[in-house]
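> attaching a predicted model along with its sequence, questions to come.
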Amino acid sequence: MTNKLSNTIRAVNGVPSGEVSPKVYDFTVKKDLLCPMRDGVQLAMDLLIPEGDGPFPVILERTPYDKHNSRNSNTEGYAQRGYAVVLQDVRGRFNSDGDFNPFCQEHNDGHDTVEWIADQHWCSGKVGMIGGSYCGQTQWFAASQAPKALKAIIPMESPPGSQFLNEPMYGGVMSLGIIEWMSLLGRRSFQVDAFKGIHTEHRDYFEQHSVEKVAVASGTTSRWWREEWLNHPTLDDYWQSCGYEQFWSEMTVPALNVSGWWGLNFNGAPRNFVGLREQGASMDARKGQRLVIGPWPHWVNNKRYLNGLDLGADAVTGLRDYCLKFFDYYLKDNTQNSLMGDAFVHVYVVGANEWWQADTWPLPGTRSTPLYLHSDGQANSHRGDGLLSFDKPGVEPVDKYLSDPLDPVRMVWDMHGGPVDDRAVTERPDILCYTSETLIEALDVVGDISAVLYASSSAKDCDWHVRLVDVHPDGTARFLCHGALRARFRNGFEQTALLTPNEVTRFIIDMTATGIRFLPGHKIRIEIASSWFNRFDRNLQTGAENWMRDEGEPVVATQSIYHDSDYASHIVLPLIPAGSFSEGS
């Protein structure tokens, strides 16, 4: 790999295309082959093997969702193109032996599976991996142990490698969806007919006050939840054993990282792209990272319209062929295809409704620019007087609201959604809204977003939720990205640091990223609240040592946001200067 990184951005029609392996093979299916792990547990796998002279490169998917469901036109298409395809139930799921223990079991099991496959007579010795969501994570867990046969992976919508950065906890705030996931997943097989309906409606058991009680009300009896998760309220050795980011410097595998701006696990893709580029153990790993971010929810590359918004004719792109091209290069040694001539980063910019390509993330020329909060002390609701400006504040009054755990901000979360309209929920006085003047020129904001809040609470602990919104001329307030932080974790997830009530404190809140062209006639809005229910659990604000098992009486807190010359609360926008990208094809 000798290709030099470009320092330009180019507008293109979609992700790279090019010649890929043709469909020339029939294939045979062999079911429930048993693969031994190092501890003697055997995991079941189905094999789709081309009919012809082998051996073949192998594409592996490891899933907790039933390997039978992973056989589809995509996996069959790989077999028709000369790849053997292995679909495996992870430990403790469906036809595989052992007991399921999310995340922490996948490092060694992934390694052992890849190496076992590489020793089979039908394998060429080269293995790639596919899959999304949890099946995206299983790829990174396998890569963390650097199996020699693992040559390429395509994780789609993979969570990042820390359980406090996305799921089960985001900024230290528990995702209630993980309890629904646990309940419907069951001990070995699904406890519901349509598992794909998960995370689309409110569940009555969410109304319980602590996450421990939510799980009990859901009916789950999961051992790992009861005996392990609930006993570890900070990022300790247990949660470290469930992650993979600590292994970036030992990973050797190229990856095509794919996600959507509104995906449940969006932040895994850009985070892993940067982490492996900077820390990968081999040149292949560092230079072999690629990134695709589209205008998609958790299910990528299948919709032009989302929440009534037309995302443009190019919203659905040629991702399948890009994936084939990637595998052909690394697994079939087709080094003559054009992969090495393609840009490494492709992101879709909503509003402009076009793909941009570049070689780096953050994008070349990104200017991290503070956008400051202002008001006359009445920023409550979107009808208040909160303003956003690039001008620093001077002498300004504080904004206040009450945070009541028994009356949390309510907005039913649907994992299939994206740019939802926040107008209805922001009628509430316990949401502060800061809105820019109407834009007279387009403003491109593409990259990582963060919030710097100077705030206080009358409670010992609380949550901060910050959302970036695109306000359209008709008043619709289209959600872009969301940051959350449990206040006790402001100094790191490894320790609890309770608040001194009513003391002004600086909070830095990761809001992940976005890709948006704010068009003329639109406005930029920031929303701040102390709950966002039912996507996230409510903080009872008691300061209990183990917040997961909090039995205390909920505390109503007075929340204050400061924006003056001493405490200039702001968000940091990644501005792309006008004229910094060029047209392409």
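Okay, I see it. Residues are numbered from 1 along each chain as shown.
> got the contact list for the closest residue to residue 232 other than its chain neighbours?
If the residues on either side of it in the chain are set aside, residue 232 comes closest to residue 238, at 4.6 Å by Cβ to Cβ, 6 or more residues apart in numbering. Heads up, the C-betas are built off the backbone N, CA and C, glycines and all. Applying Cβ atoms under 8 Å, 6 or more residues apart in numbering, we find residue 238 in contact with 228, 231-232.
> again, but for residue 99
Per Cβ under 8 Å, 6+ apart, neighbours of residue 99: 91-92, 223.
> retrieve the pLDDT associated with it.
In this prediction, residue 99 carries a pLDDT score of 96.
> I'd assumed the residue nearest to residue 232 was in a strand, is it?
No - checked against DSSP: H, G, I helix; E, B strand; the rest coil, residue 238 lies outside a strand; its state is helix.
> how far away is it from residue 181?
Here residue 238 is placed at a distance of 19 Å from residue 181 (Cβ to Cβ, to the nearest Å).
> swap in residue 33?
Counting by Cβ to Cβ, the gap from residue 33 to residue 181 is 28 Å.
> related to what we said a few turns ago, of the contacts of residue 238, just say which sits nearest to residue 327.
residue 228 (36.2 Å; Cβ to Cβ).
> please settle this for me: is the closest one part of a strand?
No - going by three-state DSSP, the assignment for residue 228 is helix, not a strand.
> which residue, other than its chain neighbours, is closest to it?
residue 238 (6.5 Å).
> the helix or strand hosting residue 325: which residues count as buried?
Using DSSP states H and E, residue 325 sits within helix 319-331. Across helix 319-331, burial judged by 16 or more other Cβ atoms under 10 Å covers 319, 321-331.
> residue 419: what's it in contact with?
When contacts are counted by Cβ under 8 Å, 6+ apart, residue 419 touches 262, 306-307, 309, 350, 470, 478-480.
> that's a helix at it, yeah?
No - secondary structure of residue 419 (three-state DSSP): coil, not part of a helix.
> please identify which helix or strand holds the residue lying closest to it once chain neighbours are set aside.
Computed as Cβ to Cβ, 6+ apart, the closest residue to residue 419 that is not its neighbour in sequence is residue 478, at 4.0 Å. Using DSSP H and E, residue 478 falls within strand 477-486.
> by contact count, what packs against the helix or strand just after that strand?
Helices and strands here follow DSSP H and E; after strand 477-486, the next one along the chain is strand 505-518. Contact partners of strand 505-518 among helices and strands, from 3 or more Cβ pairs under 8 Å, 6 or more residues apart in numbering; DSSP states H and E: strand 345-349, strand 443-457, strand 463-471, strand 477-486.
> and strand 505-518, average pLDDT?
Mean predicted confidence for strand 505-518 is 98.
> and it with strand 477-486, angle?
160 degrees (axes from the mean of the first three to the mean of the last three Cα atoms, to 10 degrees).
> strand 505-518 versus strand 443-457: what angle between them?
Going by the same axes, to 10 degrees, strand 505-518 makes 160 degrees with strand 443-457.
> go through strand 505-518 and flag the buried ones.
In strand 505-518, counting by 16+ other Cβ under 10 Å, buried: 505, 507, 509-518.
> after that strand comes which helix or strand?
Sequence-wise, the next helix or strand downstream of strand 505-518 (DSSP H and E) is strand 523-529.
> so residue 138 touches residue 70, yeah?
No - Residue 138 sits out of contact with residue 70 when judged by Cβ atoms under 8 Å, with a separation of 11.7 Å.
> skip the chain neighbours and tell me the closest residue to residue 75.
Closest to residue 75 by Cβ to Cβ, 6+ apart is residue 85, at 5.0 Å.
> ok, back up a step: which of the contacts of residue 419 are buried?
Among those, the ones that count as buried by 16+ other Cβ under 10 Å are 262, 306-307, 309, 350, 470, 478-480.
> how about a markdown table for these, with pLDDT and distance to residue 400 added?
Output for the buried ones among the contacts of residue 419, formatted as a markdown table (pLDDT from 0 to 100; distance: Cβ to Cβ, whole Å):
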| residue | pLDDT | distance to residue 400 |
| --- | --- | --- |
| 262 | 98 | 31 |
| 306 | 96 | 35 |
| 307 | 95 | 32 |
| 309 | 97 | 34 |
| 350 | 98 | 34 |
| 470 | 98 | 27 |
| 478 | 98 | 27 |
| 479 | 98 | 24 |
| 480 | 98 | 26 |
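> that concludes my questions; thank you for your assistance.
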